[in-house]
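Next come a sequence and a model predicted from it.
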Amino acid sequence: MRRRCRLVVCVDTSADKLHEFGDLGRAVRKCQTDFNVAIEIDVRRLQQLDARTEAYCVAGTIHYDGKRKGTLLYIKPSLTGREEVGIYNYARTHPDFPHQSTVDQWFDEAQFESYRALGRHIGGTVFSAVEARLSAHALLRTPGEKPGGIDALCEAIEDLYMPAPGGAGPPFIPAPPTPC
């Protein structure tokens, strides 16, 4: 936040079985307090429905000052029902997965492999969609138009993972920054 990055990727691996977003809430408050930066993010797609979520990530807007904005890609390990059988099996036999307590530092092979496989699946799912969106945009570029760069990357992430405006109102929008 201090560097005013155009894109911030946050992977929240806290043990948050109830999807209360405690670490996200604390981080948003610290950004507001320490850096006068507001973060607007709608986490409804990450709330659990019958032990599953609709998505693995959402995008939000970072309000640095009156003009500068950034994009926050917030990834929360969860289960959507589209995971491979090894992940599904581990989840069925370990109800706290993927939010098992970090107090137990002695992972067995099945636990380690399940978290690794879920992380690989989530990363592949999230970023292959972004890559496909960027490739489609590149095909539509007019001759002489510059490649997308960071702005095109942020636009693809926002198009894919930011909820459409006009919904019932996001449950997680902190107040805008106030001057120090």
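Cool, got the structure. Numbers count the residues shown, from 1 in each chain.

How about the secondary structure of the most centrally placed residue in the chain?
Centroid-nearest residue in the chain, with CA atoms, centre = their mean: residue 74, separated by 2.1 Å. Recorded secondary structure, residue 74: strand (DSSP: H, G, I helix; E, B strand; the rest coil).

Now do the contacts for it.
10, 12, 24, 41, 43, 46, 57, 58, 59, 60 (CB atoms under 8 Å, 6 or more residues apart in numbering). The C-beta positions use only the backbone N, C-alpha and C, and glycine is treated the same way.

any idea how far residue 158 is from the residue nearest to residue 102 when sequence neighbours are not counted?
Using CB to CB, 6 or more residues apart in numbering and skipping residues adjacent in sequence, the residue nearest residue 102 is residue 15, 5.9 Å away. In this structure, residue 15 and residue 158 are 29 Å apart, going by CB to CB, to the nearest Å.

now for the lengthiest helix in the chain, which elements pack on it?
Counting by DSSP state H, the longest helix found in the chain is helix 109-140. Judged by 3 or more CB pairs under 8 Å, 6 or more residues apart in numbering; DSSP states H and E, helix 109-140 is in contact with strand 69-75, helix 85-93, helix 149-161.

So which of the ones you listed is the most surrounded?
Comparing these on average neighbours per residue, with mean count of other CB atoms under 10 Å, the densest one is strand 69-75 at a mean of 21.

Could you tell me which strands that strand is paired with, and in which direction each runs?
Counting by DSSP bridges, the strands paired with strand 69-75 are strand 7-11 (parallel), strand 57-63 (antiparallel).
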